[in-house]
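[1] pasted the sequence and its predicted model underneath.
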Amino acid sequence: MALARFIRSCEEISPRLLTLDPDIVAPLCTDWTRRVTGHALGLARPSNEAELAAVVEAAVEAEIHLQLQGGNTSLVAGATPWGDSVLLSSARLREVGDPDLTSLSITAEAGATAAEVNAALAPHRLKLGVDLASRESATIGGMVATNAGGIHVVRYGPMRSQLLGLRLVTPAQGAIGRLSPLYKDNTGPDLAAIAAGSEGTLGAVAAAALKAVPILEESVVALLSFGSFSAAAEGARRIRRSPAVSALEFMTHAGMDLVSRHLGRELPLAGAVYLLAEFESAFPLLDHVVEVVEDSVPSTSALAFDARGRAELWRWREAHTEAIATAGIAHKMDVALPIASLEEFVSWVEGPFAAENPELDVYLFGHLGDGNVHVNLVGAEPDDLSPDEAVLAKAASMGGSISAEHGIGRLKAPLVHLVRTQAEIDAIAALKAAFDPDGILNPGVLLPTPKGRHATENLAPGRLA
Ligand code: 2HG
Ligand code: ZN
């Protein structure tokens, strides 16, 4: 009954809005890692904000759950439909406005990818402050919803810091917010900032107004190798003080070796731990970078000054996710640690944790400059949550976060208590109730479902078709 009513409403909004075709819907029901598969009743693809608002209203009236989806690049099943949801996709919300060259900003609809927005900015020597390996498929809506971080957080901050304005469609208030280029607007709580990181539980992003930053002409990428994590961490401490740093990443030998086999390329440097540092400036950088690199005392190093050389060094870092995916279905723990505790955490994962779990292949890499470690474990059953729990509990016990930049999604919803008190969880639930009182959007993402069940219960990991 509910579905029939929803289908009728969608047909009235636009005949091409909703499809129930399983050949189209089913491939969108598995998350990027292939670790979990859900099920959806259909797929709604609005073409503009008015249609988006009308779909959300129709879902409220028919009591149909909606699962929001952008590029489906979530690594925590944050975009995987659950139970009797309809997928609400931003695939047709693709408009990118002309860059505003006075305020240095740009507006883009939710389904535009990071690469598409950068393509509009590049002729003006501008770019987005957030960049990430999945730039060709990650969408602006998903990046806002998860407060995406990526490789330039050390310089420009995460997605929340790029937001000047937001149009958000909420079940209770309809379409709210504005796409203003205002850099300052203290008129009560910042709704755009609240929506960033709420993982689509409060509203569906229709469009965002984002800061643009200048592309700096001088750019050098350095790949440095070290004999131990502790030597690399000390090197990173020194590099981090350079005002020209725009990325500071780390990899370990295990991941580099896997990437080497995946790409069919010789390792460029031998080492136990690697740093990849990017320096960008409007002024000549050579002397500065050489000085910083020497001061960080690497065992060996390689510097790249031209676009091709820089891309080749970056490939060693950015190919990690795809190389690991060829080794198996990875359990991904995206943790943040106080930077001073990184060494202790990494030693624990590579030491006692790995010894207790000899069946697991452990790959560690991430954004060292901002304390974000991507722990990837290959070899565990997809539905075995115990290694995930052990790693996340350890990070939490050290004052870290269980979600640095990927979000909580469905996979980590049962573990939010590791890093939030009950009072804090209640406050988040109260926000949810204000924007989405009937729990229409993304049930089971970020917080347990209103019925108190966790969404992972009927997402049979890797199996449910
Ligand atoms: C990255 O930094 C992404 O490349 C993916 O956040 C991390 O695959 C991962 O665990
Ligand atoms: Zn990352």
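    Noted; the coordinates are in hand. Residues are numbered from 1 along each chain as shown. Ligands and ions are numbered 1, 2, ... in the order given.
[2] Validate this expectation: residue 53 resides in a helix.
    Yes: checked against DSSP: H, G, I helix; E, B strand; the rest coil, residue 53 lies within a helix.
[3] can you give me the neighbour number for the residue of the stretch 351-465 of the chain found nearest ligand 1?
    Of all residues in the stretch 351-465 of the chain, the one sitting closest to ligand 1 is residue 374 (3.6 Å; C-beta to the nearest ligand atom). C-beta coordinates here come from the backbone N, C-alpha and C atoms, glycine included. Neighbour count of residue 374, defined by other C-beta atoms under 10 Å: 23.
[4] show the pLDDT at it.
    With respect to pLDDT, residue 374 scores 98.
[5] which residue is the nearest non-sequential neighbour of it?
    In space, and not counting its chain neighbours, residue 374 is closest to residue 366: 4.4 Å by C-beta to C-beta, 6 or more residues apart in numbering.
[6] give the pairing partners of the one helix or strand the one you found maps to; include direction for each.
    For residue 366, the host element (DSSP states H and E) is strand 361-367. Strand pairing for strand 361-367, determined by DSSP bridges: strand 245-252 (antiparallel), strand 372-378 (antiparallel).
[7] quick one: mean pLDDT over that strand.
    Average pLDDT, strand 361-367: 98.
[8] residue contacts, the residue nearest to residue 374?
    By C-beta atoms under 8 Å, 6 or more residues apart in numbering, the residues touching residue 366 are 249-250, 372-374.
[9] can you pull out the low-pLDDT segments for the chain?
    448-465 (pLDDT under 70).
[10] around ligand 1, pick out the residues from it.
    75, 133, 321, 332, 374, 376 (C-beta under 6 Å from any ligand atom).
[11] make CSV from these and add distance to residue 170 to it.
    Converted to CSV, the residues of the chain next to ligand 1 look like this (distance: C-beta to C-beta, whole Å):
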residue, distance to residue 170
75, 26
133, 31
321, 32
332, 30
374, 32
376, 35
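[12] name the member of those residues with the most neighbours.
    Taking other C-beta under 10 Å as the neighbour criterion, residue 376 ranks highest of the residues of the chain next to ligand 1 with 29 neighbours.
[13] would you point out which residue of the stretch 51-200 of the chain is nearest ligand 1?
    Closest point on the stretch 51-200 of the chain to ligand 1, by C-beta to the nearest ligand atom, is residue 133, at 4.2 Å.
[14] OK, contacts around that residue?
    150-151, 318, 321.
[15] give me the number of residues near residue 2?
    If you count neighbours by other C-beta under 10 Å, residue 2 ends up with 14.
[16] how much space separates it from residue 86?
    Computed with C-beta to C-beta, to the nearest Å, the distance linking residue 2 and residue 86 is 10 Å.
[17] return every residue with contacts to both of the two.
    By C-beta under 8 Å, 6+ apart, residue 2 and residue 86 have these common neighbours: residue 64.
[18] so which residues of the stretch 1-150 of the chain form helices?
    2-13, 22-25, 49-62, 114-121, 140-145 (DSSP state H, counting those that start in this stretch).
[19] ditto for the stretch 351-465 of the chain
    So, for the stretch 351-465 of the chain - with DSSP H, counting those that start in this stretch - the helices run 354-356, 386-397, 422-435.
[20] can you put those helices in CSV and add mean neighbour count and distance to residue 203?
    Converted to CSV, the helices of the stretch 351-465 of the chain look like this (neighbours: other C-beta atoms under 10 Å; distance: least, C-beta to C-beta, whole Å):
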stretch, mean neighbour count, distance to residue 203
helix 354-356, 11, 42
helix 386-397, 18, 27
helix 422-435, 13, 6
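[21] got JSON lines for the ones you listed, with distance to residue 415 too?
    Shown next, in JSON lines, are those (distance: least, C-beta to C-beta, whole Å):
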{"stretch": "helix 354-356", "distance to residue 415": "19"}
{"stretch": "helix 386-397", "distance to residue 415": "6"}
{"stretch": "helix 422-435", "distance to residue 415": "12"}
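[22] on that earlier part again, the residue of the stretch 351-465 of the chain closest to ligand 1 reaches residue 330, doesn't it?
    No: using C-beta atoms under 8 Å, residue 374 is not in contact with residue 330, being 9.5 Å away.
[23] and stretch 170-189, what's buried?
    Within stretch 170-189, the residues scored as buried using 16 or more other C-beta atoms under 10 Å are 170-172, 175-177, 179, 181.
[24] need the contact list for the closest residue in space to residue 268 that isn't next to it in sequence.
    Nearest non-adjacent residue to residue 268, counting by C-beta to C-beta, 6+ apart: residue 302, 5.5 Å away. For residue 302, the contact set (C-beta under 8 Å, 6+ apart) comprises 222-223, 268-269, 313.
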